[in-house]
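Trainee: When you get a sec, could you give me coordinates for this:
(one chain, ligands or ions: 1)
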Amino acid sequence: MSEALRTPRLAWALTGSGHYFTECLALMGGIPDLDLFVTKAAAEVVRMYKQDLAALLEGARIFRDTTASAGPVGHCYHGVYHTLVLAPATSNTVAKCVAGISDSLATNVYAQAGKCRVPSIVFACDTAPEMETEAPHGTVKVFPRRIDLENVERLKAFEATEVVETLPDLERALQARLAALPAPEAESPARRRGGARG
Ligand SMILES: Cc1cc2nc3c(=O)[nH]c(=O)nc-3n(C[C@H](O)[C@H](O)[C@H](O)COP(=O)(O)O)c2cc1C
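Mentor: The predicted structure is shown next:
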């Protein structure tokens with residue numbers, strides 16, 4: 001980690017969901033001091049929706065899912081993050097989180113945030129038995145299964161986890177977390193001169 005990196009930061013895990021994918025990217029755009037964890041499926045979906053993460057999220061650190069051990073989640077151990085946002089969360093990622101499985105960047109950062117008592121906000125994709133969702137070529141109807149809906153309910157009982165089911169609720173939960181943070185310390189003259197940023 002660079003010495004000049006501003007902490008604590010917001011960790012955001014992006015999964016391979018088309019549902020509310022562009023809205024989540026727009027929300028991330030306004031957040032300073034952001035680390036983004038991108039699953040392999042999310043990286044593919046980003047390409048399908050013809051988005052460019054680096055261009056959209058200038059200044060954010062972007063970690064891609066290229067290692068088995070999910071090395072970047074080690075930042076959780078050093079107090080780098082005040083909050084994890086997992087959004088949008090696919091039914092796959094929610095199911096793994098509920099089962100305690102950590103085998104992707106998103107499931108690993110959720111597990112390690114929990115073990116380090118970093119609060120998580122999870123925006124689950126599957127929230128109703130019948131939903132409209134944005135596919136790359138237009139709106140489609142999907143019917144989340146009982147198991148998908150049950151897993152979302154189970155996740156609500158997890159420690160240090162707030163599950164939200166709508167975009168406005170995600171925005172409210174995120175703003176509440178950011179507002180609860182202590183005010184950042186005044187910038188030192190050295191940092192101002194160097195213009196350091198992660
Ligand atoms: C264009 C596209 C959109 C998708 N949207 C969703 C979605 O809204 N919800 C969902 O649960 N899975 C969705 N999927 C399937 C997931 O990407 C797939 O289950 C993947 O294995 C999830 O991996 P991850 O949870 O590690 O990101 C979508 C796949 C594609 C190709």
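
Trainee: drop to CA atoms for contacts and neighbour counts, all remaining ones
Mentor: OK.

Trainee: what's the longest helix in the protein?
Mentor: Counting residues, the longest helix found in the chain (DSSP state H) is helix 167-180.

Trainee: dump the residue contacts of residue 111.
Mentor: 97, 100, 102 (CA atoms under 8 Å, 6 or more residues apart in numbering).

Trainee: Just to be sure, which of those residues are found in strands?
Mentor: Cross-referencing these against strands under DSSP state E gives no overlap.

Trainee: Specify which member of the residues you listed is nearest to residue 143.
Mentor: residue 97 (21.2 Å; CA to CA).

Trainee: Let me see the ranges of the strands in the chain.
Mentor: Counting by DSSP E, the chain has these strands, from start to end: 9-14, 34-38, 61-64, 81-89, 120-124, 131-135, 138-142, 161-164.

Trainee: I'd assumed residue 119 was in contact with residue 160.
Mentor: Yes: if you go by CA atoms under 8 Å, residue 160 and residue 119 touch, sitting 4.7 Å apart.

Trainee: ok, the two, which is more surrounded?
Mentor: Remark: of residue 160 and residue 119, residue 119 carries more neighbours, 19 against 16, as counted by other CA atoms under 10 Å.

Trainee: do you know how far that one is from residue 9?
Mentor: Residue 119 is 12 Å from residue 9, where distance means CA to CA, to the nearest Å.
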